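S.K.: this one's structure only:
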């Protein structure tokens, strides 16, 4: 239990970065959601780490709420994907560029 | 860094950390890199488990459990369900990138962000906050501590989640529900392509 | 009685107002009679004032009407200065004007804008009187501009003739250019003396520095050159002949054009303080007298000859002013008003008789058909030529005496000019009145003219009166001198010995006769002598062409360029350039808004990266 | 040890959330119990009543505050102070007005059911949480509640693919930004050991951080999250698309409540919680503000679609509020509050008009040509709303701009002055596109035949003069290259569908937006006093 | 106190009238003209009462009134008049009814009259403001009606463009003014403490160090230079003036332009005496450039309205020249010139409008020699033209003379340059006159040209009368403005700069 916070934080930062990259480079809406989940998890990891080193439950509580939010978001997000799919049979976001300028 | 490394630690901890880190990052890369959404989802599960491992390693056992149950157990399943439901479980070519310059810029920007975060955290001494401001941790009974906090300091937030879930449910229902035919009675000027699409389903 | 002076103005102004109000209803000829009556009344008032002034021992009476405008703490007043000079001016201005008004009634018979003509004429007389009566420079300037604008209107009276319109414009503009001088003079005087009244200036002039005085003198000379058609601004006057002949007689011979001389005389107390300034004035005068005389010898249009002769005569006056012989200048001015008015009216009568023909080459032999005109014209001719004992002889004699006393070379130039005067006037006379009537046969596509008729008595009466004055005015030279001299600053020149003065007079007489004889001998029975009328002179030393080439056309080009290139494209271009740049930038930014959610996300990432980069830079 | 002391609850404070939630849930139950689909007007009624109750509660809170001063409740995560009360007031009013606007739209589109109102109620509840929150976690939850509601609302017009696209974009970027936001919370937490703004401020005021890197990184990420919500450049890209795609009545609502909620929260976080760190975050805000004002205004000038144009203009407005945030002073906070209050009305009103005029889906500017002929009053209201947004004197819009610019210049340093100038230049630019629309509404449809008979003036006289005319044309190139002309012809003069009358509810809403804009523009005292006093009651 | 009510009424009345016209659709067409004219004439009567009630040697600012509008923003109603503002308010009250009666619009009369009235309110308001911020409010407000007048009733093709150019250009200019105002106010607050105030009298006591002062005076003057306009910020004006309807051109040239120069007189001198002296030479340069450049371009102009626009530019140059001379002669002359130019330019633009109805305005391709068929039109034009040229005996001369003599007192022999400007003015106006009125009669398609009708004459008569009266007896006005000018220049004394009646010694 004496792993320095730094290590975890670096991991979380990397995870955050990978997630962000995913959002930027993947074209499938579902995969993009997943990448957003990765980023949220990165945040969670950081929170828990801080909670440990600060001997404070607050961080963990925050993680708890982030989890709820993540769940809610995914629900709605998937709903949107389904709605879109009904219309254009594709989950590729690049197909959506009618609105521009 | 060196200062941090200097602190004493036990071998198993290190091993566990390395394991979890490997799983986390590997899974993450898998999510981003795998052609097939299904594989991405599976990789996501790996990452989540890795995270859970890291939680356990940091005495957040309850959260680790929630992580497995809610995330791996519910969210990812939901993902997979939708993937299958929509039948988009085909491979897509990762190589292809219609937007010119997207990837280099993306990598560059993300690199700056990640590097920047790490550097700034390091500059800030990784953590500088006062200890146990909200409530002290209780390694023996983290569930209790957590629960207590949620029902005291975060009472309002906890109640707010109720509304959050309600709205999420309503939204999901509203979105996923097939629009009643009556609504399509009025075809829109800007949607001939769509009308065509409807016939296919 | 002196205090009647304002009524002079009142009469002229009254006539003007009445005509503006009811002119159209009065119509021809009543309007003309009203106008004439008004001016005649003014003349009467002038006489009354004059008599009143004679009764006064203090002959500098200022009569304030009302405060006009405050310059800071100083009040410029509308006030009249009644002194010998102004009264003299009033007398001959109103007198000559009255006669010419009368003459015009017949001359302008059946003109379209008959009443308007008299409106202008009355307004002109009013302005002229204001000019001479004003007790300060600023008020004089009002009259000064008033006569200017009236001359603009009257020269352009036949507005549907482009030549007339342009001539009027030219006259006005040349006057404006001269005005710069007057304004500047006022600025300097007021800023340093804190007054604008003539008496104040005369009193304070000595407190000015030499350079200031000289600058003012030059400025005033410039103003006078504009108004009185002196070099370098003289060439508007010939064009001004586009106006009806009575106008030429009144404005461009008798009165307005002499205003410059009047102004200089008014400022005599200032001029005496600057020898260099006076030298300039004298030289300009002499030069003008000579140049204009040479030009007059080569003109073929009767009115053009008279016009250049006017320029030349005024040159003599300015020469007199420069040489300090102010009284002589005024004397010549009065005499000139008579005989030049007479000559113009005579010419007008001729033109009238010949249905508007002005070419000397188409005249000749009028002696028989226009007896009255002929007789009076002879007097005018001899008078201007300087043949004793007519007025011109004495007046010009005084001027030349002054010139002799001031500088021999200028005197010599003056003498030559006098010779030329006699020459070109004789040429004019010979060509117009003697020989066989050329107007009877058609020449160069121009039809033969009917035998001209003598003008009606309303035109003849003024001729007779003026002829009388022109003949006899000479005798009141000494009286005038005595009457005026207290007004002027004395230039401490050695008075001429009676012997030398007599010889000078003799020389003048001889010169006049010689010039007359030469012309008679050269032009008797001859119409064309190209050798004696070279283009150089006919085209007035190419003066106009030079201005046009050096100033006119370049200026026009500059104006066009700035209106069509500089303003829309350069200055406005800069403004619009900014606008277009902004729009371009907006268009470029629209490129970012390409509708692809992933590039939006990328923009996010970049934005975040930038913020963090800033923090990094800030931290390390 | 195992007894949990539930914190005291000052119910009057959280009553707004309760009211709205109850209303939402009640509507849901009703619609599920009642056979057949519930008439949407019922939803409207309930919503309006609910928001009325909220307004009443606001009055009660105001009295309470002015008696006992600002306070916190529920373990200090909820604040009751003048600022929050006014913010809630604005939100409630916006909700009611939007509901009225939506009502007309729903009837016209023959959409039954109460979902729209449920979602609206819920998201306003979220916005209110943000306005009251004293804790990053609560702010985050409020943000999510509000956003999720709006994601769904954006997708509400199920027949329009654009609506779906809008929702997808909004959601993806929203999720992305929330993730960033959460990470920001994590970092701030790590740096200070708490997520509660009060404790955070205390900690920062008592301790001096050896190095602020961690804290500022967190702040920056939080800022990104907020900047996304308020659509500040460069995090604005989503808003034009979303505004264009979403159902029009929703857009006004969206623009209003998001800005109010998010700005209320960010003001709390930065101007009170992280006040001590201002030399760290103010430069960032400076950049955001300047960019938003200029880019927003500039981009709006090249738009042809009314909703997009308004979207960009609202980006510019966000920049103005950021100006006040940058000021980080009581004056700034008051100005921001005032700006938000006025802006909410303006934007809702404007989009209400658009809802009516663009009923047939024609959102091109040219469809406003000749509006004055067909609907004088509507055109008049639109004129007032647009002029107010352009900041014309004697409208609330001018006072709002005055306030924020004052707050910036108050610092008397170069940055403040520069921001002031930038703001005014942006105003000038914005005048360009607002007036262009207004004058279009008054132009007669036939006016613009390219061969309009013109007196033989400059253009016909000299080539260069023609150049000049052409030059001045560049500024309004529509008249030069005849864009508007072409469009006008391609659409024909007056659309047929305009005979449809303005629904009463919508009319009421528009009136409710226009009248105060003018009245308070001239008789400005009360509103300004209110916001200022509210800020004096700002918690710590 | 009752008279202060009068002032407030003067500001509010036209706006109310505009509101009525806006809200009552029935008042269309001639009725609108009648209503508008009635209100405008009532305004004129009120302005006359104000002028009569004003005591030249009484308090500096009379009929003063103060009212809180939005205290936290420092927004107060502070109004009052001194000789200068009274004069300009009267000018406004004279010009607007004449614009309404002289050039009524054929279509949408109601709206056009409404905008005119609103503009009158804004203009009177800005002249009456004793509060810098309040002034700015009205200053900005004028833009809106002006914009709509040009865009709505001007040339159909280029009107909107010109209007937009005018609007944006002016607004960008006033950006600096606005920020400048705020800076001064906050500086004052930081020095004097207390609540935020924009009261002119309060702010005049603000101490500014060199650079700040210069920057501020530049910021202020930038806006005023655009509005006046001054070279090189003038390019909006030819477009706006020539594309606007007649009434629009009239109010633009006669009233709005004065706001700029009035701003310089009222605020630059009061707030930044020192800095103004520092930047004086530059302003002189701008003014002289405006005079010469305006005159030269006018000479090259081919369109009568554009020509008048450029001549206005030159006239405004004279005004600024006089103001910056910072001595009694110069400033009083400048103020008088503002009034005179307002009157003269109104007459000229009206005449141009009448001309346009008959013939069109191009000087190169248009008609010629219409003095024959339309002598009265020609006569009126001549008088107005001569007044504009500065012919003694008409109002223009007095003001120009005072300005020039003041400038001579301040800058000496440089005076020759602007004096030359006077001549060039004669050149282009006479040229224009000759092109249109003189020469052999040419009418478009031999159309018969009618002379001025009764309405046209009756709107011109008062203007011409004023030209003559003020030419003969300018004291009438000068006596009322001189005390105010003296008081204004007292700020310079306070700043340790002494002025004499003509010189700045």
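M.R.: Looks like it came in fine. Computed from a prediction, not measured in an experiment: that's the story for all the values here.
S.K.: where do the helices sit along chain B?
M.R.: B:2-6, B:11-33, B:37-57, B:61-66, B:76-86, B:102-123, B:142-151, B:155-176, B:181-184, B:192-200 (DSSP state H).
S.K.: Could you export the ones you listed to a markdown table, including columns for mean pLDDT?
M.R.: Formatted as a markdown table, these follow (pLDDT from 0 to 100):
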| stretch | mean pLDDT |
| --- | --- |
| helix B:2-6 | 42 |
| helix B:11-33 | 92 |
| helix B:37-57 | 93 |
| helix B:61-66 | 91 |
| helix B:76-86 | 90 |
| helix B:102-123 | 93 |
| helix B:142-151 | 88 |
| helix B:155-176 | 91 |
| helix B:181-184 | 47 |
| helix B:192-200 | 38 |
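S.K.: okay, those helices in JSON lines with mean neighbour count next?
M.R.: C-beta: built from backbone N, CA, C; applies to glycine. Converted to JSON lines, the helices of chain B look like this (neighbours: other Cβ atoms under 10 Å in any protein chain shown):
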{"stretch": "helix B:2-6", "mean neighbour count": "9"}
{"stretch": "helix B:11-33", "mean neighbour count": "18"}
{"stretch": "helix B:37-57", "mean neighbour count": "23"}
{"stretch": "helix B:61-66", "mean neighbour count": "19"}
{"stretch": "helix B:76-86", "mean neighbour count": "18"}
{"stretch": "helix B:102-123", "mean neighbour count": "20"}
{"stretch": "helix B:142-151", "mean neighbour count": "19"}
{"stretch": "helix B:155-176", "mean neighbour count": "22"}
{"stretch": "helix B:181-184", "mean neighbour count": "12"}
{"stretch": "helix B:192-200", "mean neighbour count": "11"}
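S.K.: Out of these, which gets nearest to residue A:65?
M.R.: With Cβ to Cβ, the closest approach to residue A:65 among the helices of chain B belongs to helix B:155-176: 5.7 Å.
S.K.: Say whether chain A is contacted by that closest one.
M.R.: Yes: in terms of Cβ under 8 Å from any Cβ of the partner chain, part of helix B:155-176 sits within range of chain A, namely B:157-158, B:161, B:164-165, B:167-169, B:171-176.
S.K.: returning to what we had before: show me the one of the helices of chain B that comes nearest residue E:414.
M.R.: Across the helices of chain B, residue E:414 has its closest neighbour in helix B:102-123 (60.5 Å, Cβ to Cβ).
S.K.: Check whether the closest one comes near chain C.
M.R.: Yes: judged by Cβ under 8 Å from any Cβ, helix B:102-123 and chain C are in contact via B:102, B:105-106, B:108-110, B:112-113, B:116-117, B:119-120, B:123.
S.K.: how about CSV for these, with distance to chain A added?
M.R.: Putting the residues of helix B:102-123 next to chain C into CSV (distance: Cβ to the nearest Cβ, whole Å) gives the following:
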residue, distance to chain A
B:102, 7
B:105, 8
B:106, 4
B:108, 11
B:109, 8
B:110, 5
B:112, 10
B:113, 6
B:116, 9
B:117, 5
B:119, 10
B:120, 10
B:123, 12
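S.K.: before we move on, back to that, can you tell me which of the helices of chain B comes nearest to residue C:516?
M.R.: Using Cβ to Cβ as the measure, helix B:102-123 is the one of those that comes nearest residue C:516, at 104.9 Å.
S.K.: From the rest of the structure, what touches that closest one?
M.R.: Applying Cβ atoms under 8 Å, 6 or more residues apart in numbering or on different chains, the external contacts of helix B:102-123 come out as A:6, A:9-10, A:13-14, A:16-17, A:20-21, A:24-25, B:1, B:97, C:598-599, C:602, C:605-606, C:608-609, C:612-613, C:615-616, C:619-620, D:183, D:187, D:190, D:211, D:213-214, D:216-217.
S.K.: where do the strands sit along chain A?
M.R.: With DSSP state E, there are no strands along chain A.
S.K.: so how many other residues sit close to the residue in the stretch 201-350 of chain D positioned nearest to chain A?
M.R.: Closest to chain A within the stretch 201-350 of chain D is residue D:241: 3.8 Å, counting by Cβ to the nearest Cβ. The number of residues packed around residue D:241, counting by other Cβ atoms under 10 Å in any protein chain shown, is 29.
S.K.: Residue E:415 and residue C:184, how far apart?
M.R.: Here the distance between residue E:415 and residue C:184 works out to 7 Å (Cβ to Cβ, to the nearest Å).
S.K.: Hmm, I typed the wrong one, I wanted residue E:304.
M.R.: Taken as Cβ to Cβ, the spacing of residue E:304 relative to residue C:184 amounts to 32 Å.
S.K.: Same check on residue C:421?
M.R.: In this structure, residue C:421 lies at 34 Å from residue C:184, with Cβ to Cβ as the measure.
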